[in-house]
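1. what follows is a predicted structure for the sequence shown.
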Amino acid sequence: MPQNYYKFNEKRFQMMRKTYKRSLLMSGILLFMANMAPVQAEQGQPLLEKNKFSIGAGLSNNSVSRFSDEIGFQFFGAYDLSQINLMEGVNSSVEFGFMDYGFSRNSTGIWGTYVVSGNLSGRFGWLARLGVDVGDDSGLMIGAGASYSLNSKMDARVEYVVRDEINSLQFNFLYRL
């Protein structure tokens, strides 16, 4: 068999593996959301409440092996899931966003994550995220960081987020509507 045959099949296998992971994760998220809707409807509450939405934006220092670091940006929206309390003092939310990784090649992605957060002391807090990035660096996305509450409506965040190929040190602002 030609040498290129094995390289092609290896690339195809890696692509199929990433697609399988994304499909499995997205199916889990959709299944979770579908199960939450009837609970809200039975309680006579609206499915989404306006005061639980937030918007945010930030800058990131992105690194990929074989390339120099680049500065990128992102915009995102969040929804507070106060009905899901894992334990006392731990909040949860979902966030969806768009990110430009900043590399000279066209590199962007959309992402969705489940976020848990809590208070450390005074205005300082912590957060962790797990989700999926769909774009030039498709796949699993995991991160952790710290937050500082500027006031009752706005937080400043510093996070380190790891994807399949791109690692980011992010500085974000979150504004609660």
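-> Yep, it's here. Numbers count the residues shown, from 1 in each chain.

2. helix or strand with the lowest mean pLDDT in the protein?
-> helix 3-42 (a mean of 56; mean pLDDT, DSSP states H and E).

3. contacts for the helix or strand that comes right after that helix?
-> Next along the chain after helix 3-42, taking DSSP states H and E as the criterion, comes strand 53-63. Contacting residues not belonging to strand 53-63 are listed as 69-80, 93, 95, 97, 99, 101-103, 157, 161, 166-177 [CB atoms under 8 Å, 6 or more residues apart in numbering]. In short, each C-beta sits where N, CA and C put it, glycine included.

4. just the buried members of the residues you listed?
-> Buried subset of those (neighbour count, 16 or more other CB atoms under 10 Å): 70, 72, 74, 76, 78, 80, 93, 95, 97, 99, 101-103, 157, 161, 166-170, 172, 174, 176.

5. among those, name the ones in strands.
-> Taking DSSP state E, the ones among those that sit in strands are 70, 72, 74, 76, 78, 80, 93, 95, 97, 99, 157, 161, 167-170, 172, 174, 176.

6. for Asn119, what are its contacts?
-> Applying CB under 8 Å, 6+ apart, the residues near Asn119 are 89, 125.

7. got the angle between the helix or strand containing it and strand 70-80?
-> Using DSSP H and E, Asn119 falls within strand 108-121. Put simply, strand 108-121 runs at 60 degrees to strand 70-80, going by axes from the mean of the first three to the mean of the last three CA atoms, to 10 degrees.

8. for the record, mean pLDDT for strand 108-121?
-> For strand 108-121, mean pLDDT rounds to 91.

9. give the buried residues for that strand.
-> Neighbour-count burial for strand 108-121, counted by 16+ other CB under 10 Å, picks out 109, 111-118.

10. quick check: what element follows that strand along the chain?
-> Next along the chain after strand 108-121, taking DSSP H and E as the criterion, comes strand 124-135.

11. bridged to the residue nearest to Gly143 when sequence neighbours are not counted, which residues?
-> Distances taken as CB to CB, 6 or more residues apart in numbering put Val161 closest to Gly143, at 3.4 Å, once the chain neighbours are dropped. Beta bridges link Val161 to Gly143, Ser168 when assigned by DSSP bridges.

12. verify the contact between Val161 and Phe171 for me.
-> No: Val161 sits out of contact with Phe171 when judged by CB atoms under 8 Å, with a separation of 11.6 Å.

13. export stretch 95-110 to CSV, keeping only CA atoms.
-> Extracted as CSV, the C-alpha positions of stretch 95-110 are listed here (Å, rounded to 0.1, in the frame of the first residue of the first chain):
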residue,chain,number,x,y,z
GLU,A,95,-22.1,30.5,28.8
PHE,A,96,-22.0,30.7,25.0
GLY,A,97,-19.6,32.8,23.1
PHE,A,98,-17.5,33.7,20.0
MET,A,99,-13.7,33.9,20.1
ASP,A,100,-11.1,35.1,17.7
TYR,A,101,-7.8,33.5,18.6
GLY,A,102,-5.8,36.2,17.0
PHE,A,103,-3.5,34.1,14.9
SER,A,104,-2.5,35.4,11.4
ARG,A,105,-4.4,32.5,9.9
ASN,A,106,-8.1,32.8,10.1
SER,A,107,-8.8,31.3,13.5
THR,A,108,-12.2,31.7,15.2
GLY,A,109,-14.6,29.5,17.1
ILE,A,110,-17.9,29.4,19.0
